[in-house]
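>>> take this sequence and fold it.
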Amino acid sequence: MRPLLLALLCAPLIALAQSAAPTLTLEQLPRPTMPPGERGPVVPAQVERWRQEAKALEYGDGLPRNEVAAAKLYCRAARYGDAEAQYSLGWMLTNARGIQRNDAEAAHMFAAAAEQGMQQAQNILDRLGGTPLGDPPPCLRPPEMDPEPVATPLPARGARPPSPVSLWATLPLPANAPPALVNYVKLMAPEYQLSPALVLALMAAESNFDPGAESPKKAMGLMQLMPDTATRFRVTRITDPAQNIRGGMAYLRWLLAYFEGDVMLALAGYNAGEGAVDRYLGVPPYAETRLYVRKIMAAVGGQRMHPFDASVTPASPMLTRVKARMQAIQGGLANPQR
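Numbers count the residues shown, from 1 in each chain. Predicted coordinates for the structure are as follows:
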């Protein structure tokens, strides 16, 4: 009888303790805050270190387990285009792994990783319903320390942009560019209203001046034209150097008109397609594209604006949204207490 009596006496106390114990719901899981912008340039090795440290924190491998800190580091790496970090953060978000679940943000993460060739991200994205809706989350936006899309005031439609051609005329040309190519570009670039320095810097990044270059994705020639792009700009023989250069310049002229002279967005469009730039409201979060844009921007001295011909094509419909977002970001930086 004594064990039974003890159980009867203890039962109310156990029930009271259980009712008082806090229970953590999925909605009460922490929501990691956006990490601050980086100071100074970030190299790929640093991005890889963030991802590795995040993985160690997520699984408690050599470090105390801390999912919130892991999510912040994955976010840092994701913004610089690291596909594995994008996938890992998407997985944490869709499985509520120590942080609040957010399927909408997770879908964007999986999409970015899938667009960089990660098949397991594509498989999960398909299960989530395919193409994500809405603007990309903060962890996929260009880092604040990067030159920001359309941060420079843009000219009115049809007006002359603020950067005169003379600024572009003073830029040095690539030292390793063959003289024959330099002469041809100098001859033809004015027809497309392009600076030879910009064309040659792009050509250097694309093919290193090899007319027989072919990428794994079947981009070909000096300007690395894809077959669809070649057809779009009436290139009949993609392997012909002269046609290849003219097709590439026609596309670059079109992109500059589409993005109203913003060189960074035009370069991102040349590498990843203008649709990806529109979708991500700026340079897409692909490691290849981000490094490509930085390389060419450095080669042209960071010149952000280039003259453009507004009659070539209507402007991208996302430019108004990008400008509004950049004004909001700049306003927040100017008023950090708000």
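>>> going by neighbour count, which residues in stretch 199-214 are buried?
Residues Val199, Leu200, Ala201, Leu202, Met203, Ala204, Ala205, Glu206, Ser207, Phe209, Pro211, Ala213 are the ones in stretch 199-214 that count as buried (16 or more other Cβ atoms under 10 Å). Quick note: C-beta positions are derived from backbone N, CA and C, even for glycine.
>>> list of residues touching it?
Stretch 199-214 has contacts (Cβ atoms under 8 Å, 6 or more residues apart in numbering) with 173-174, 176-178, 181-182, 185, 189, 219-224, 239, 241, 244-245, 248-249, 252, 267, 270, 292, 295-296, 299-300.
>>> picking that back up, in helices, which of the buried residues of stretch 199-214 appear?
Among the buried residues of stretch 199-214, DSSP state H puts Val199, Leu200, Ala201, Leu202, Met203, Ala204, Ala205, Glu206, Ser207 in helices.
>>> just put these in TSV and tack on distance to Met109 and pLDDT.
Below are these laid out as TSV (distance: Cβ to Cβ, whole Å; pLDDT from 0 to 100):
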residue	distance to Met109	pLDDT
Val199	35	97
Leu200	37	97
Ala201	32	97
Leu202	30	97
Met203	34	97
Ala204	33	97
Ala205	28	97
Glu206	29	97
Ser207	32	96
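>>> just give me the closest of those residues to Thr33.
Compare each of those with Thr33 using Cβ to Cβ and the shortest gap goes to Ala205, at 35.7 Å.
>>> the closest one and Thr289, how far apart?
For Ala205, the distance to Thr289 equals 11 Å [Cβ to Cβ, to the nearest Å].
>>> what's the spacing between Cys139 and Ala250?
Cys139 is 36 Å from Ala250, by Cβ to Cβ.
>>> any weak-confidence spans in the stretch 101-250 of the chain?
Applying pLDDT under 70 to the stretch 101-250 of the chain flags residues 144-166.
>>> can you give me the helices in it?
All helices of the stretch 101-250 of the chain, identified by DSSP state H, counting those that start in this stretch, fall at 103-115, 119-128, 165-169, 179-188, 196-207, 227-232, 241-258.
>>> got TSV for the ones you listed, with distance to Arg79 too?
Shown next, in TSV, are those (distance: least, Cβ to Cβ, whole Å):
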stretch	distance to Arg79
helix 103-115	10
helix 119-128	17
helix 165-169	30
helix 179-188	34
helix 196-207	22
helix 227-232	28
helix 241-258	23
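>>> Asp135: which of those helices is closest?
Here helix 103-115 is closest among the helices of the stretch 101-250 of the chain (Cβ to Cβ), at 8.7 Å.
>>> give me the contacts around the closest one.
Applying Cβ under 8 Å, 6+ apart, the contact partners of helix 103-115 are 78, 83-84, 86-87, 89-91, 93-94, 121-122, 124-125, 128-129, 131-134, 136-137, 139-140, 276, 284-286.
>>> what angle separates that helix from helix 119-128?
140 degrees (axes from the mean of the first three to the mean of the last three Cα atoms, to 10 degrees).
>>> give the buried residues for helix 103-115.
Going by neighbour count (16+ other Cβ under 10 Å), the buried part of helix 103-115 is Glu105, Ala106, Ala107, His108, Met109, Phe110, Ala111, Ala112, Ala113, Ala114, Glu115.
>>> same deal with stretch 189-197?
Across stretch 189-197, burial judged by 16+ other Cβ under 10 Å covers Ala189, Tyr192, Gln193, Leu194, Ser195, Pro196, Ala197.
>>> coming back round to it: between the buried residues of stretch 199-214, which is nearest Arg234?
Looking at the buried residues of stretch 199-214 and their distance to Arg234, the nearest is Val199, at 18.2 Å (Cβ to Cβ).
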